[in-house]
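S.K.: Below: sequence and its predicted model.
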Amino acid sequence: MKRFSDFSQEETALDGDKIRIDSLINQELAITGYRIRKSRYSKNESGDYLTLQIEIDGSTYVCFTGSDVLIEQVKKYAEEIPFIATIKKINRYYTLA
């Protein structure tokens with residue numbers, strides 16, 4: 001008999017404890033998954049928001065952001081996930097380093 005996971009095309013859920021992106025600044029972390037969706041409260045140019053699944057010291061977390069810079073970086077390098085990065089805050093925006 002087939003397993004549902006063999007033929008399912010559903011997106012896998014991103015799990016982990018919720019964490020604020022500000023508490024992740026300048027920490028090395030592993031980005032293990034992401035999801036980009038349309039925001040109901042678009043405060044950025046794209047109108048999207050990013051859910052990042054990350055791992056720090058063996059614990060899994062998810063954080064949410066409307067940062068267009070992070071959204072574009074994750075789209076550009078999605079095929080490289082999982083990878084290790086540091087989130088930097090430069091003036092009023094976040095970026096991966």
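M.R.: That came through, no problem.
S.K.: CA atoms of the top strand by length along the chain as CSV?
M.R.: Assignment by DSSP state E gives strand 28-38 as the longest strand of the chain. Below are the C-alpha coordinates for strand 28-38, written out as CSV (Å, rounded to 0.1, in the frame of the first residue of the first chain):
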residue,chain,number,x,y,z
GLU,A,28,25.2,32.2,13.5
LEU,A,29,22.2,29.9,12.7
ALA,A,30,21.1,27.2,10.3
ILE,A,31,18.3,28.1,7.9
THR,A,32,16.4,24.8,7.4
GLY,A,33,13.2,25.9,5.7
TYR,A,34,11.1,28.8,4.5
ARG,A,35,7.7,29.9,3.2
ILE,A,36,6.7,33.1,1.5
ARG,A,37,3.1,34.2,1.6
LYS,A,38,1.0,37.3,0.9
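S.K.: Parallel or antiparallel, which strands does it pair with?
M.R.: Strand 28-38 has the following sheet partners, assigned by DSSP bridges: strand 48-56 (antiparallel), strand 83-90 (antiparallel).
S.K.: Output the ones you listed as JSON lines; include the columns distance to residue 30.
M.R.: For every residue, glycine as well, the C-beta is placed using N, CA and C. Output for those, formatted as JSON lines (distance: least, C-beta to C-beta, whole Å):
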{"stretch": "strand 48-56", "distance to residue 30": "4"}
{"stretch": "strand 83-90", "distance to residue 30": "5"}
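S.K.: and those strands as CSV, adding mean pLDDT?
M.R.: Output for the strands paired with strand 28-38, formatted as CSV (pLDDT from 0 to 100):
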stretch, mean pLDDT
strand 48-56, 93
strand 83-90, 94
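S.K.: Enumerate the beta-bridge partners assigned to the spatially most central residue of the chain.
M.R.: The residue lying closest to the centre of the chain (C-alpha atoms, centre = their mean) is residue 52, at 1.7 Å. Per DSSP bridges, the residues bridged to residue 52 are residue 34, residue 63.
S.K.: wouldn't it be in contact with residue 60 here?
M.R.: No - counting by C-beta atoms under 8 Å, residue 52 does not reach residue 60; the two are 11.1 Å apart.
S.K.: low-confidence ranges in this protein?
M.R.: Scanning the chain for pLDDT under 70 picks out 10-11.
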